[in-house]
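**Q** Whatever this is, show me its structure:
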Amino acid sequence: MEILGHFRRLTPGQRNTFIACFLGWSLDAFDFFILTFCVSAIATQFQARVSAVLEAVFVTLVFRPVGAFLFGLMADRFGRRPTLMLDIILYSVFELSSAFAPSLKVFLITRALFGVAMGGEWGVGAALAFEALPAEGRGFFSGLLQEGYAVGYLMAALVYGTAFRLVGWRGMFVIGALPAFLVIYIRTKVDESPAWVQGQVSRQTETRLGKDAMTHLGTFAFLVVLMFAFNSFSHGSQDLYPTFLQKDHQYMPRTVGLIAIIANLGALLGGIAFGTWSEKIGRRRAIVIAALLSIPVIPLWAYSRTVPMLALGGFLMQFMVQGAWGVIPAHLNELSPAAVRGTFPGFAYQLGNLFSSWNGVKQARIAEQRYGGVFAPVLAWTVLLVASLVAIVTWSGRERRGADLSNTT
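**A** As a prediction, this is how the structure comes out:
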């Protein structure tokens, strides 16, 4: 199989590095999505509206750029590997602290701190992975790496469907602290980025960052806008979907978990498929096709009335959403200045997240105020608008498919 062929061509060191970065992103997403499955339970616990609890998603997204910037600077200055280990420890600790929040206000604070740590993982992990991997098959590895996000959602759905009734929402966040053990694997199995070890990263990272940001201001601004569109696409189709299944359809945790699992199997396959296809047809074309194909799926995804049809709609929707996303790790790293690759793509990614951070709260409030608490119309309009935006912004940009990522100069 071609998938196995891609892995066979890697050295043991490259394979270990990719596995570590994939798991780091998967477990990061797992910790984030635990919250989205527990929104209703947390709202009941603290006697708050769903929209008030979704402020926790908002503050997480708001603080992710802070983490992307700080951990990116550390990665460019002190190395990708130690920075990634520190980041994983911190997001696990803040996840655990969320389990013991005595009030909604304290819970929001723990989620803000979690957001700082979560924001650092993607950029650092992607830089470490792509600086170690060969250019051949980069589209495949981009799709697979990004779909660590879908795997994280899948794990959250599995844990929610099987353990929530036993441990409650607080127990879910305790389980979310387990990723800290990944640091042991990184410490023993993963080498530092070859490009960074060669000593080509400037010791004056802050100065270089400012210089590169000004030199490549147009590229940076474009990537921020692109990431705003992409994050609106993913969060707009995912974050409220469990709540939609619970509120609009009155489904129990096991059914919600099952539909989410099927949807994220679609996400995983879509990311790999479009990421790999982007090697042949180009990054931009693959993204645009995936984004536009999500639009015809909207009626099935948002307005179906049975579990099988909702599961099919979820599968197809996330196949397209994460199909577009599967191209992004390679695309952003190829477009980023070499000297600050640990900071530039991750910071642009998380700034885009910042600008889209009100998405879930706005969706919930519109559903509460205009649709009597029904989420289907809000979800449908969201995907229609942001899928179109993703396609337009992507096509207006450029690409550097196959760019050399083996150095940091």
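**Q** From now on I want contacts and neighbour counts done on CA atoms only, so please keep to that.
**A** Fine.
**Q** Okay, now the unreliable bits of the protein?
**A** Applying pLDDT under 70 to the chain flags the ranges 1-6, 199-216, 338-342, 402-409.
**Q** swap the cut-off to 50 and go again
**A** The model of the chain has pLDDT under 50 over residues 201-207.
**Q** Need the residue closest to the centroid of it.
**A** By C-alpha atoms, centre = their mean, the chain has its centre lying nearest to residue 149, at 4.9 Å.
**Q** I'd like the distance between it and residue 220.
**A** 23 Å (C-alpha to C-alpha, to the nearest Å).
**Q** Same check on residue 285?
**A** 21 Å.
**Q** ok, the two, which is more surrounded?
**A** Neighbours around residue 285 and residue 220, counted as other C-alpha atoms under 10 Å, are more numerous at residue 220. The numbers are 23 against 17.
**Q** In terms of secondary structure, what does whichever strand or helix holds that one contact?
**A** Per DSSP states H and E, residue 220 falls inside helix 217-238. Helix 217-238 is packed against helix 307-325, helix 344-355, helix 359-370, helix 376-396, with contacts defined by 3 or more C-alpha pairs under 8 Å, 6 or more residues apart in numbering; DSSP states H and E.
**Q** Centre of the chain to it, how far?
**A** How far helix 217-238 lies from its chain's middle: 12 Å, per C-alpha atoms, centre = their mean, to the nearest Å.
**Q** which residues are contacting it?
**A** 213, 321-322, 325, 332, 335-336, 344-345, 348-356, 359-360, 379, 382-383, 386-387, 389-390, 393-394, 397 (C-alpha atoms under 8 Å, 6 or more residues apart in numbering).
**Q** Drop anything exposed from those residues.
**A** 213, 321-322, 325, 332, 335-336, 344-345, 348-356, 359-360, 379, 382-383, 386-387, 389-390, 393-394 (16 or more other C-alpha atoms under 10 Å).
**Q** For residue 259, I want the exact helix or strand it lies within.
**A** Here residue 259 is assigned to helix 253-281, by DSSP H and E.
**Q** Quick one: name whatever helix or strand follows that helix.
**A** Next along from helix 253-281, by DSSP H and E: helix 283-293.
**Q** which parts of that following helix are buried?
**A** 283-288, 290-293.
**Q** wait, what's in contact with residue 88?
**A** Residue 88 touches 24, 28, 117, 121, 179-180, 182-183, counting by C-alpha under 8 Å, 6+ apart.
**Q** Make JSON lines out of those and add distance to residue 227.
**A** Formatted as JSON lines, these follow (distance: C-alpha to C-alpha, whole Å):
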{"residue": "24", "distance to residue 227": "20"}
{"residue": "28", "distance to residue 227": "18"}
{"residue": "117", "distance to residue 227": "19"}
{"residue": "121", "distance to residue 227": "16"}
{"residue": "179", "distance to residue 227": "26"}
{"residue": "180", "distance to residue 227": "28"}
{"residue": "182", "distance to residue 227": "28"}
{"residue": "183", "distance to residue 227": "28"}
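**Q** Of the residues you listed, which is the nearest to residue 165?
**A** residue 179 (21.9 Å; C-alpha to C-alpha).
**Q** mind listing what that closest one touches?
**A** Going by C-alpha under 8 Å, 6+ apart, residue 179 touches 24, 27-28, 88-89, 92.
**Q** picking that back up, of the helices and strands packed on helix 217-238, which is nearest residue 39?
**A** Comparing those by their distance to residue 39 (C-alpha to C-alpha), the top pick is helix 359-370, with 11.4 Å.
**Q** counting contacts, what elements does that closest one pack onto?
**A** Here helix 359-370 touches helix 50-53, helix 55-78, helix 217-238, helix 376-396, going by 3+ C-alpha pairs under 8 Å, 6+ apart.
**Q** is it possible to export these to CSV including distance to residue 188?
**A** Converted to CSV, those look like this (distance: least, C-alpha to C-alpha, whole Å):
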stretch, distance to residue 188
helix 50-53, 39
helix 55-78, 18
helix 217-238, 34
helix 376-396, 39
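**Q** Specify the next element, helix or strand, located C-terminal of the host helix or strand of residue 35.
**A** Per DSSP H and E: residue 35 is located in helix 12-37. The helix or strand immediately downstream of helix 12-37 is helix 39-45, counting by DSSP H and E.
**Q** From the chain's centroid, how far away is the helix holding residue 35?
**A** Centre to centre, stretch against its chain (C-alpha atoms, centre = their mean), the figure for helix 12-37 is 10 Å.
**Q** which parts of stretch 176-185 are buried?
**A** 176-180, 182-183.
**Q** Could I get the buried residue list for the helix holding residue 220?
**A** Applying 16+ other C-alpha under 10 Å to helix 217-238 flags 219-220, 222-238 as buried.
**Q** Just name whatever secondary elements the helix or strand following it is in contact with.
**A** Per DSSP H and E, helix 217-238 leads on to helix 241-247 as the next helix or strand towards the C-terminus. Helix 241-247 is packed against helix 12-37, helix 253-281, with contacts defined by 3+ C-alpha pairs under 8 Å, 6+ apart.
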